[in-house]
Each structure stands twice: as structure tokens, then as C-alpha cells.
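Novice: Take a look and give me a structure for this.
(chains A and B)
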Amino acid sequence: MAITTMVGARIHRREDPRLVRGLGRYADDFVRPHTAYLAVVRSPHAHARIRSIDLTEAKKAPGVVTILTAADFKKVISGAMPVAPAFVPEKKTVPDRFPIAESEVAYQGEPVAVVVADTKYHAADAAELVLVDWDPLPAVIDLEKALEAASPRAHEDLPDNIGWDTTFSPDAEAAFAAAEVVVKQRILQQRLAPTPMEPRGVLADWNGADQAMTMWLSSQNPHFIRLFIGGAMGIPETRFRVISPDVGGGFGSKISPYPEDYLVPAASKLLGRPVKWIETRTENLQNATHGRGQIFDVEIAGNRDGQLLGLKVTQYLDLGAYCGTFGAFQACACLLPGAYIWKQVASRTVGVLTNKVPTDPYRGAGRPEATHLIERILDRFCDEIGRDPAEVRRKNFIKEFPHTSPFGLVYDSGNYDGSLTRALELAGYDQFKRDQEAARARGRYLGVGISTWLEICGFGPSAATAPATGGLALTESAHVRVFPTGSVNVYVGTHSHGQGHDTTFPQIVADALGVPYDMIELRHGDTAEGPSFGYGTYGSRSLAVGGMAVLKAAHKVRDKARKIAAHMFEAAEEDVVFDQGQFYVKGSPENRKAFGEVAFAAYGAGLPESIELGLEAVAYFDPPNFVWPFGAHICMVEVDPETGGVEMLKYVAVDDCGNVINPMIVEGQIHGGIVQGIAQALFEEVVYSEDGTLRTGTLLDYSVPTANEIPPLTLDRTITPTPTNELGVKGIGEAGTIAASAAVINAICDALAPLGIHHVDMPASPDRLWKQIQEAKA
Amino acid sequence: MKHRISVTLNGQQREDEVEPRLLLVHYLRDVAGLTGTHVGCDTSQCGACTVHQDGKAVKSCTVFAVQADGHEVKTIEGMAAHDGALHPIQQAFWDEHGLQCGYCTPGFIMAAAYLLEQNPNPTDDEIRKGLEGNLCRCTGYVNIVKSVSAAAKAMAGTAAQPAHTAPVAGE
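Specialist: Here you go, the predicted model:
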């Protein structure tokens, strides 16, 4: 094997020089001649019937080109928006969703008309003049009330509000019957707004002469968008090009197709000119899918010596008004066992329709929820039996791999004790426990929380994911193209929106082909280039699936180059050695051909008939298994009982994502992930009023943390390669978010334990904590 | 009714007819074609649109273009030298991995430039406080604070010049 030079190196990102100069190309930076601007007229009601829409005044407004409603769009868009079936539920009500409402709206913000005008200011002005005659209907906002038989329905014609009700594994009775201790806890997961800094945006340009659509948008998966929108508009892939170049963050909220992704190209087709729509922040907070929004009823069973036996979990998931395209991926049952051995685990998920914007994946999608509940209930159990949370975790860790979980999933590799041990050392856990004791004696409330997280990612083996996605394989693709001078283009089906693929994927290719890193360019985000289909970037899959497709394509190219080199040497192929970008015949290492020389020959005259001209290859990778990153996070806090304020004293994270291609990028992903987890634990919450009005519709009300609220983070890692792929890599994009909320909340609960407070819900804001402290003292 | 304004934009004077309600950020992006200044919110929280007006950091979504009449405005496109050499703050964001998706970055760099002018040698806490008008969703701010700190040192002439493309084996 060649000596690794690039893989593992801290290479600075090659996308940065243009981004720091302000020369990025985000959706709103694209301009087409004669563009019209679109504004969306949205429902102010959570649930209402549309009696009529009066366009008279709006049509007279300056600059208006046209105003379109559902009837117009039905001429160019057919079918309902897609919903992945996911996990074959026992009962399922999936309301059909057309991108624009015709007679009934089911959440505040649902589109009812669009205004197209010569400028964005004129479009916004005229949208204010569209008069809709509303007939408000009772709205169902509260998740639990939605389950009551007498509840209003989220849609008038539904039999009830139950989207699905699925039991994965009904039975944990034997484990519970044998247990010395059973602890129950209800755990809430508030709704969150993903809030990428770039809101969504679409520019569509219909070319009538070619009957072809070009669409620029802020998306994590342009191929998906082409598949769904092209399908709904009856335009084949050959004439539907989706370009998603620089994207200002996604966090899961730019995976599924949105109403505007249909309406903007449809408007362009109807008008025969380019149309642009750029989302405002308020539209983003109101209409981009939310994450989480769940209630868990959890029961844990075990023995007084710390032995875990059984777990029962019921999840109630707030679907919102429609099932999000990938909303069911939030049903987190498969990760419930966490990093521990159990006798039995029972779980049930209930998807509930409400009159709110749909929920869909948000960084972690199901796995932060699973980790939070397991790590939280474990600490409740430790409370009950009076044992140290680190000790109980150690006692129950899975230690042998591969390990088959109660759900039949195979954990690839792990060293859970290793990462916990390192994290405890770095955090100074034992000393902190002593300091905590002393502080308590002085009336101060210090606490430490542990989260020994586990993640399932690298979606996904097609055999496992196809039933959940409705046949989509979630494999990944790459095309490696070597030019005659030896420079290399790599096209991929994944999409980079901050993850640094422009840098890491060429690192892999540089090693695989021995070509200088600077001669390799990565291209992504344009469906007109590269492989015919890719599944995009989410679920920490890009490296473990997409990176493997890149490696596989590079190896195909290398093998072809070896054939050509053999011809050049007039030697047998099996006698040709490839060593760091150079070929030679066994025994004659002094006579070498560089990769570039072979590339030139690949396009030249004189190749025998048995060797096809050219040096390029396409590869698809379907992983044989998921990958399972893990780690240990430890948070230390002090809670002020007078104000309910939480001061974060220390945060330590020891993570393991297998082999690391670029440590700098891995650390950056962990930093950002942790802060989103801390943000859920302490600050963020989407709030609706009882009538379904969004009360957190600006960044004044929805509290994304600033640099001021975030403590310094201490990172380290262990390296346990996965046997699932040749690179030995797992995923790291969501790890921080998956781990962090439990560490923070466990620390707060530990701090408040002397007051008899055993559980705190999120966000643990000062007002919520202060009230809980007052009640505990009373 | 349109108003004629005269703005010195990144050192070059230009005159335009603008509506009185046109926001400075839209003037910069849509009239002057400088798309490095971004819009991330409607309420002046996110700071993605931060530019300098007469040397002071302002949020250009909260300034009308007519208010820039007769003033100097500097955007992210005006930070690098004419020969393309990065400003030390841009360089530091690159070196320290201070950006991921890059959308908030121009605003952070402009805010940081003003911060360092006011306080050339800030502590990490002062950097955090000084940048509280800017939001980043990717980095967790860890490497942004490092970047600004490194830039301060570079601007004081004490930092070694980094090399970028040279690979470092292992760590």
C-alpha cells in the first residue's frame, strides 16, 4: 500500500479564498436577464377555508406581471408532494399536499397565491393587496390534545389526527418483571428551527425553445430536487438542470422539496421568463420545516447494582399539517438501545398531525432525540439506585463487536469505554466531584453531566433504506475523469454546504492515484455534470458513502491506467507495480512511467484493440452496513438558584468517527454540532400560540446563540476504524448535536439534585429553571 | 420618486438613481452588483450584511441607500488588496478554519475589522462580546474567535506567515 500523505492531513480548505473575499455564489447571487420576482401570499391562519381570493387591487399595483393561484399551477404541476413511507406503519393517514392551497389551509404560512412583478419590492407591495376571504376553522396545536377523540382535525376530511402508530418491538415485560428498580420519566423535545444563515431561495429559467428548465436553488441534494420537481412538471432529466452551488447551511432543512421549489419553476414556465424568489428570515422560521417536536414516555428497568435490563419508549411526534417528505426518519426507535446491553427494548412511535408547519430532519433527525432520552433516563436510574453515572455506563457498555442490537442492527466497531475514560480524564471528573461536594456545603449548585452517545449513520445500505424511502437506495456516486495532462476532475452526487468536500475528497483521490493534490478539482451541485444520480448530503453520509464512491472510481481509473502502463512497458499487467502515482515493472523500479504519462497515452494513438481509449470511470457505492460513530461528552455547569441562570464551566468532547481524512474539518464539524446541541438545551424553542400563530418568527424571538453564550470547547478523539468501508471512516456531521443536549441537561439535573429536582426539560431557560427551583423549595 | 445619490464604494465614486426606500444592502447587491454582502434576517440580528460606512461597521439592511449619499462605504469586496492579497483577517479566517458554509463570513470579517480598529489587542472574551451582533450557525464560534485573535496578532506584525497548500503529514 502506498504511504499515505494527504489522508489525515490538516489541509486548509480550497473553497475559502473565494468565500472570504465575498465571491461565493449563493442562490440570490445569480442573475438572469429579464428576471421577474415572486412573492408568496400566505395564510395568516393555522386552519381555515378559502372562500374566495380577490385579486382586483393587487393586479393594479405597479410592476405586477401576474398573480397565480392553485388553479393556474394545476396546469403545470401534477400529483402530490412526496412522502417517504418509512418503517411501514400499522396505521397511516397522509394528507395529500399540493404546493399551493386551493380550498383549505392547514398551517400558518401555507401558500395561497403568488405575485410576480418586475422587482422584489413591487412583488412584496402587491402581495399585501391580495384579499383572501377566510373562513377560520378550529385549529389543533397541542400534540396531546390532537390525540383526543373529540379534537378538531388538522384537515377537515381526516378521520383523526394520527399519521402513524407503529410498534417496533412490543415486549419488554420479562425484563421489567425481573427488575429491582423501575423508573418512569416523560421527556420533551421542543420544536426547533434549523435556521441556516442563508434562507432558501429559487431562481428558475424556462427555455421555451428547448422546452428545458434550469433551476438554481439552495439545496442539499440537487438530484432529488430534479427527480421530484421534474417528475411533477413532466420534464425529463435530460431537460431539467438543477444547480446548487454554494449553499449557506442546510442542517437538514434543505433536503425535502418545498412548495416554492415547485411554484417558482412553474411560474417561469407559465410566464416564459426567469422568476426568482428569495425567502425572508420570517418566511424561513415560519415555513422551512422544523425539527424535533416530540414527547417521550420512557420507562427503564434495572437492578440496584447498576445492571440495566429493560427499556420501554413511546414517542409522540408532532408531524405538523402534512407528513414531511422524510419526516418519518425522526422516528428514532432503532437507536434506542444506545451504547448499552439490554435484555429487552420495547418501542412505539405515534405520528400526530397538527396545524403547524411540518417537521422533517434537523441535524441528527431522530438520533439526538434517542440519545437525549437514553442518556437522561440512565441518569434518572443512577439517581434512584445511588450510583455514579460513569460507573453505571461502564458496567453496561457493549464491549464486543460486531454487536447485534435488539432491533437486529449490527454495530460495526467501538471502544465506548476508551472514549469515556479519556473524557473523564480531560474533564477532571473526580476532582470536580470533590469540588462539587465542597460547593454544595457553601450553598452553590455545581453539576456534571455525561453523554456517552452513539449514532447510526452512513445511509445507507440500500436493502435497509429502500423500504423506508419508497425504493430510493441512498447509495452514492462519483465520476473520476483524468485528462490527457494528468489533471483530474472528480464529480460527486453528494453536496457540500460547509463540510469541505472540495478539500477532503481530492485528498482521497490524491492518495489513490498519486496525483498532486493541486491537480485535482472536485465538482458538485450541478445535475448537468457527473454521474446521473446522487442522493446528496445529510445524515453524516458524505464521506462513508460518497467518499467510498470516489475511492472506488479512483481505483477503477488506477486499474485501467495499469493496463495502459503494461502496454507501454510491453509487460504483463500483473507484473506492473503502482507506487505513489508511478508505474514500473517488478524488478525494474528505475524505469518508471508517471501517472500523467500514462494519462496522455490513454488518449493517444497506438493502444491495442483490447484497451479502450480514455481514462475515466463512474462508480456507485452501496455500503454493506451503516456506520456507528460514538463518543463521550462531559459538561460542567453552575446553576444560580436566585436567577435560574446556567453558567457553563467546561465542555469536553472525546469523539470517534473512525479514520480521519482532515482533522481540521472534523473538529469544525464537532464544534458547530455541539453548539447546536447546547442551543437546544439552553436557548432555542419554536413557540406557537394556542390559535397556531407563530410567536418566534424573527431572530429576536428565536434565540440562536451568539459567540457570547458559548463556552470554550475541549476536544479530543479516539480512532476505531470501521470494517464497513475500505477508508475505515464513519461520520461526524451530526455527532456534536446528537451528544450535547443530554450532557448539558444531565449537568443541570446533577447540580439541582440536592433540591430534589430530578428532571429538567428543554430549553432550560432561566425562567423555567427558576420556577422549578421555587417549586422545589416550596 | 427617485433620488440621485453619490457614494464612494470601495474607493470608487459612483452615482445612481434610487428609490428612497431602497435598503443599502439591496443597493450594494442589486444596483452595484456586489453580492458578497449577504442578507440573513429582516431584523438586524444576524449581521451577515455588515459593511463599513465612513469606517464604522453598520448593518446595511438597516440603512437606506439614500443615507449613504455623500459617504464612503466599504464592503467585503474592498478588503483584499488590488493584487488579490488577502486582508490579514481574511487570511486568518482561512488559516484557522473560521468558516464553513461561508454565508455569515463577510459580515464577520467586516465586524471583526471594526472591532480590531477599536481594540487592536482584544482578549477572547472581548472578541466574543465584540461579535455578538453577528450570528454563525456552522462553526460554534470557536474558530471565529481564534481567527480574529490570530488576525490581531498578524496585524500587530507578530505572527509567522502560514503556508497553505503544503500538506502536513499526520497532525
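Novice: Distance check, A:Ile456 against A:Arg541.
Specialist: From A:Ile456 across to A:Arg541, the span is 11 Å (Cβ to Cβ, to the nearest Å). All C-beta spots, glycine's among them, are computed from the backbone N, C-alpha and C.
Novice: Please apply the same query to A:Glu128.
Specialist: According to Cβ to Cβ, A:Glu128 stands 43 Å off from A:Arg541.
Novice: ok, the two, which is more surrounded?
Specialist: Between A:Glu128 and A:Arg541, counting by other Cβ atoms under 10 Å in any protein chain shown, A:Arg541 is the more crowded of the two (24 against 13).
Novice: isn't the more buried one right up against A:Pro461?
Specialist: No - using Cβ atoms under 8 Å, A:Arg541 is not in contact with A:Pro461, being 11.3 Å away.
Novice: who's in contact with the nearest residue to A:Glu198 once chain neighbours are set aside?
Specialist: Leaving aside its sequence neighbours, A:Glu198 sits nearest to A:Gly248 (Cβ to Cβ, 6 or more residues apart in numbering or on different chains; 2.3 Å). By Cβ atoms under 8 Å, 6 or more residues apart in numbering or on different chains, the contact list for A:Gly248 reads A:26, A:196-198, A:218, A:497, B:38, B:40, B:101-104.
Novice: could you flag which of the residues you listed are buried?
Specialist: For these, a burial check counting by 16 or more other Cβ atoms under 10 Å in any protein chain shown picks out A:26, A:196-198, A:218, A:497, B:38, B:40, B:101-104.
Novice: Just the closest residue of chain B to chain A, please.
Specialist: Of all residues in chain B, B:Gly36 sits closest to chain A, at 1.9 Å by Cβ to the nearest Cβ.
Novice: Neighbours of that residue, how many?
Specialist: B:Gly36: 25 neighbours (other Cβ under 10 Å).
Novice: who are the neighbours in contact with it?
Specialist: A:21-24, B:75-77, B:106.
Novice: repeat that with 6 Å
Specialist: Contact partners of B:Gly36, counting by Cβ atoms under 6 Å, 6 or more residues apart in numbering or on different chains, are A:22, B:76-77, B:106.
Novice: Repeat that for A:Ala528.
Specialist: A:Arg241.
Novice: how far away is it from chain B?
Specialist: Distance from A:Ala528 to chain B, counting by Cβ to the nearest Cβ, to the nearest Å: 23 Å.
Novice: List, one by one, the residues from chain B near chain A.
Specialist: When proximity is defined as Cβ under 6 Å from any Cβ of the partner chain, chain B approaches chain A at B:35-36, B:40-43, B:45-46, B:76-77, B:80, B:90, B:93-94, B:97, B:99-106, B:128-129, B:131-132, B:135, B:137-142, B:164, B:167-168, B:170-171.
Novice: Mind checking which of the residues you listed are buried?
Specialist: Among the residues of chain B next to chain A, those buried by neighbour count (16+ other Cβ under 10 Å) are B:35-36, B:40-43, B:45-46, B:76-77, B:80, B:90, B:93-94, B:97, B:99-106, B:128, B:131-132, B:135, B:137-142, B:167.
Novice: Can you tell me the closest non-neighbouring residue to the residue of chain A found nearest chain B?
Specialist: Nearest residue of chain A to chain B (Cβ to the nearest Cβ) works out as A:Gly22 at 1.9 Å. Of all residues not flanking A:Gly22 in the chain, B:Gly36 sits nearest, at 1.9 Å (Cβ to Cβ, 6+ apart).
Novice: Tell me the pLDDT of the one you found.
Specialist: At B:Gly36, the pLDDT value in this model is 98.
Novice: Repeat that for A:Thr289.
Specialist: 98.
Novice: what's the answer for A:Ala463, then?
Specialist: You'll see A:Ala463 listed with a pLDDT of 85.
Novice: now A:Ala86
Specialist: A:Ala86 carries a pLDDT value of 57.
Novice: For the chain, give me the ranges with low pLDDT.
Specialist: Chain wasn't specified; assuming chain A. Scanning chain A for pLDDT under 70 picks out the ranges A:1-4, A:85-91, A:333.
Novice: Chain B is the one I meant
Specialist: B:158-171.
Novice: now the strands: where do they sit in it?
Specialist: B:3-9, B:12-18, B:50-53, B:56-59, B:72-74 (DSSP state E).
Novice: I'd like the ones you listed laid out as TSV, including mean neighbour count.
Specialist: Shown next, in TSV, are these (neighbours: other Cβ atoms under 10 Å in any protein chain shown):
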stretch	mean neighbour count
strand B:3-9	17
strand B:12-18	12
strand B:50-53	24
strand B:56-59	19
strand B:72-74	20
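Novice: Just put the ones you listed in a markdown table and tack on distance to A:Arg292.
Specialist: Formatted as a markdown table, the strands of chain B follow (distance: least, Cβ to Cβ, whole Å):
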| stretch | distance to A:Arg292 |
| --- | --- |
| strand B:3-9 | 44 |
| strand B:12-18 | 43 |
| strand B:50-53 | 31 |
| strand B:56-59 | 30 |
| strand B:72-74 | 41 |
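Novice: and A:Phe626, which of the ones you listed is closest to it?
Specialist: Proximity to A:Phe626 (Cβ to Cβ) singles out strand B:50-53 among the strands of chain B, at 42.0 Å.
Novice: Counting by contacts, list what that closest one packs against.
Specialist: strand B:72-74, helix B:105-118 (3 or more Cβ pairs under 6 Å, 6 or more residues apart in numbering or on different chains; DSSP states H and E).
Novice: residues contacting A:Leu143?
Specialist: Listed by Cβ under 6 Å, 6+ apart, the contact set of A:Leu143 reads A:316, A:318, A:352.
Novice: Would you mind measuring from it to A:Arg292?
Specialist: A:Leu143 sits 12 Å away from A:Arg292 when distances are taken as Cβ to Cβ.
Novice: can I assume A:Arg42 is in contact with A:Val105?
Specialist: No - here A:Arg42 does not reach A:Val105: they are 8.6 Å apart, not a contact under Cβ atoms under 6 Å.
Novice: More neighbours: the two, which one.
Specialist: It is A:Val105, of A:Arg42 and A:Val105, that has more neighbours when counted by other Cβ under 10 Å, with 28 against 22.
Novice: Show the contacting residues for the more buried one.
Specialist: A:43, A:48.
Novice: tell me the SS of the nearest residue to A:Asn415 once chain neighbours are set aside?
Specialist: Among residues not flanking A:Asn415 along the chain, A:Thr720 sits closest, at 4.9 Å (Cβ to Cβ, 6+ apart). Put simply, A:Thr720 is coil when judged by DSSP: H, G, I helix; E, B strand; the rest coil.
Novice: was I right about A:Thr720 contacting A:Ser413?
Specialist: Yes - with contacts counted by Cβ under 6 Å, A:Thr720 reaches A:Ser413, the gap being 5.1 Å.
Novice: Spell out which residues of the stretch 1-150 of chain A are next to chain B.
Specialist: A:6, A:8-12, A:16, A:19-22, A:24, A:29.
Novice: The same query, at a cut-off of 7 Å, please.
Specialist: A:5-6, A:8-13, A:16-17, A:19-24, A:26, A:29 (Cβ under 7 Å from any Cβ of the partner chain).
Novice: Just those residues: which are in helices?
Specialist: A:16-17, A:19-20 (DSSP state H).
Novice: can you put those in a markdown table and add neighbour count?
Specialist: Shown next, in a markdown table, are those (neighbours: other Cβ under 10 Å):
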| residue | neighbour count |
| --- | --- |
| A:Asp16 | 25 |
| A:Pro17 | 17 |
| A:Leu19 | 25 |
| A:Val20 | 29 |
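Novice: now, which of those residues sits nearest A:Arg51?
Specialist: The closest of those, once distances to A:Arg51 are taken by Cβ to Cβ, is A:Leu19, at 48.9 Å.
Novice: Chain neighbours aside, what residue packs nearest to the closest one?
Specialist: With Cβ to Cβ, 6+ apart, the residue lying closest to A:Leu19 is B:Gly102, at 3.4 Å.
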